[in-house]
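[1] A structural model of the following input is requested.
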Amino acid sequence: MPRYKLTVAYEGTEFHGWQKQHPPGAEPLRTVQEVLERAVMEVVREPVVLHGASRTDSGVHARGQIAAFTTTTVLPLDRVAVAINARLPDDVQITRAVTVAETFDPIADAISKGYRYSIFHGLPTEIRRPMFDRRLVTYVPAVLDPGRMHAAAAGLVGTHDFASVTRVNHGRESTTRTVLACSVTASTSHRLRIDVSGTGFLYNMVRIIAGTLVEVGRGRLEPGAVPEIIARRDRTAAGPTMPPEGLCLMWVRYGGTKARRHEGTE
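    So this is what the prediction gives:
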């Protein structure tokens, strides 16, 4: 049976995250997985189970979420995205569809992921808050120093126990993860982005990293404090959890032949 790998983009404001949620005695919540799975079933005309690479939270966006499903229906590859998009709402769409090996697993086969946190900053007496892209960027009512933040970001790179930058009741057996790269770049005098990539992330990890770097940018923490924050393995040592609207899943990368069949190197 053919298995299709989808690259999915969505504006997460009106979604309760990626994963399907059916509260007892209540209507199912609107999630990306629920909406997308329903559209796929309308196309293939049979039940399918759609698996996603990342369980993004409520209000979090994606440009490069990966999902996959298997069906008995053979679809013309150049029509898969078009057919599914015709049945999707305006805040989610398929940007690419390819066939993959039947054993391809969007979660287990992922070797790295990249997230971006976007910030608009400045004193409210000097600038106006963003309006047209307010759902895609977080406003910080202070002047941030991206140079200090970038210097601090270097301290996150490597394999560490990241217990300091995840929710207290995270539910994971291990909080050790590998951050491959972390950088802070100013696009204008009032806008900056934090780019983080790694082999895997803990619950709220990127949003807490962003909150910690914002504290550095405001001068409340020194850039060199990050290794000590990590070493303490204490959530109270790090900065606040930033709001979801600034966070976007940018890409997921895969290795081996299972994810690259018929599509070349990713």
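[2] and Arg172, that one's in a strand?
    No: counting by DSSP: H, G, I helix; E, B strand; the rest coil, Arg172 is not found in a strand; it is coil.
[3] Quick check: nearest residue in space to it, chain neighbours excluded?
    Once flanking residues are discounted, Arg172 sits nearest to Leu202: 6.3 Å by CB to CB, 6 or more residues apart in numbering. (Each C-beta comes from the backbone N, C-alpha and C, glycine too.)
[4] how near is that neighbour to Ile119?
    Separation of Leu202 from Ile119 (CB to CB, to the nearest Å): 21 Å.
[5] neighbour-wise, which of those two wins?
    A count of neighbours by other CB atoms under 10 Å puts Ile119 above the other of Leu202 and Ile119, at 24 against 20.
[6] who's that one bridged to?
    Residues in a beta bridge with Ile119, per DSSP bridges, are Thr138, Leu192.
[7] what residues go with each domain of the chain?
    3-108, 113-249 (automatic domain parsing).
[8] Can you verify my assumption that Val8 contacts Leu88?
    No: with contacts counted by CB atoms under 8 Å, Val8 stays clear of Leu88, the gap being 9.5 Å.
[9] And the two? Which one has more around it.
    For Val8 versus Leu88, the count of surrounding residues by other CB under 10 Å is larger for Val8: 27 against 19.
[10] So the residue nearest to Leu50 when sequence neighbours are not counted: helix, strand or coil?
    Excluding the flanking residues, the one nearest Leu50 by CB to CB, 6+ apart is Glu37, at 4.2 Å. What three-state DSSP gives for Glu37 is helix.
[11] tell me, what's touching Val8 and Leu88 both at once?
    With contacts defined as CB atoms under 8 Å, 6 or more residues apart in numbering, the residues shared by Val8 and Leu88 are Leu36, Ile94.
[12] how about the residue lying closest to Val92 once chain neighbours are set aside, what does it touch?
    Once flanking residues are discounted, Val92 sits nearest to Tyr10: 3.9 Å by CB to CB, 6+ apart. Each residue near Tyr10 by CB under 8 Å, 6+ apart is listed here: Val32, His61, Ala62, Gln65, Asp91, Val92, Gln93.
[13] If we use 7 Å, what do you get?
    Val32, His61, Ala62, Asp91, Val92 (CB atoms under 7 Å, 6 or more residues apart in numbering).
[14] likewise Gly12?
    Thr56, Gly59, Val60, His61.
[15] do that again at 8 Å, thanks
    Counting by CB under 8 Å, 6+ apart, Gly12 has contacts Val32, Thr56, Ser58, Gly59, Val60, His61, Ala62, Asp91, Pro244.
[16] Could you dump the domains of the chain into CSV and include mean pLDDT and distance to Gly255?
    As requested, the domains of the chain are arranged in CSV below (pLDDT from 0 to 100; distance: least, CB to CB, whole Å):
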stretch, mean pLDDT, distance to Gly255
domain 3-108, 96, 12
domain 113-249, 96, 11
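[17] Now flag whichever of the contacts of Tyr10 is closest to Ala151.
    Of all the contacts of Tyr10, Ala151 sits closest to His61, with 27.4 Å by CB to CB.
[18] ok but Ala67 is inside a strand, no?
    Yes: assessed with three-state DSSP, Ala67 lies in a strand.
[19] Assess the claim that it and Val49 are in contact.
    No: counting by CB under 8 Å, Ala67 does not reach Val49; the two are 10.5 Å apart.
[20] Between the two, which has more neighbouring residues?
    Taking other CB under 10 Å, Ala67 and Val49 do not tie; Ala67 has more neighbours (23 against 10).
[21] Show me the beta-bridge partners of the more buried one.
    Leu6, Gly52.
[22] i'd like the first residue to be 51 from this point on
    New numbering, starting at 51: the last item is Ala117.
[23] which ones are touching it?
    Lys55, Leu56, Val58, Gln83, Leu86, Leu100, His101, Gly102, Ala103, Pro156.
[24] which residues touch the second one?
    Contact criterion CB under 8 Å, 6+ apart gives Leu86, Ile116, Ala117, Ala118, Phe119, Val130, Ala131, Ile134, Ile144, Arg146, Ala147 as the residues in contact with Leu56.
[25] do you know how far it is from Gln83?
    In terms of CB to CB, Leu56 sits 12 Å off from Gln83.
[26] That concludes my questions; thank you for your assistance.
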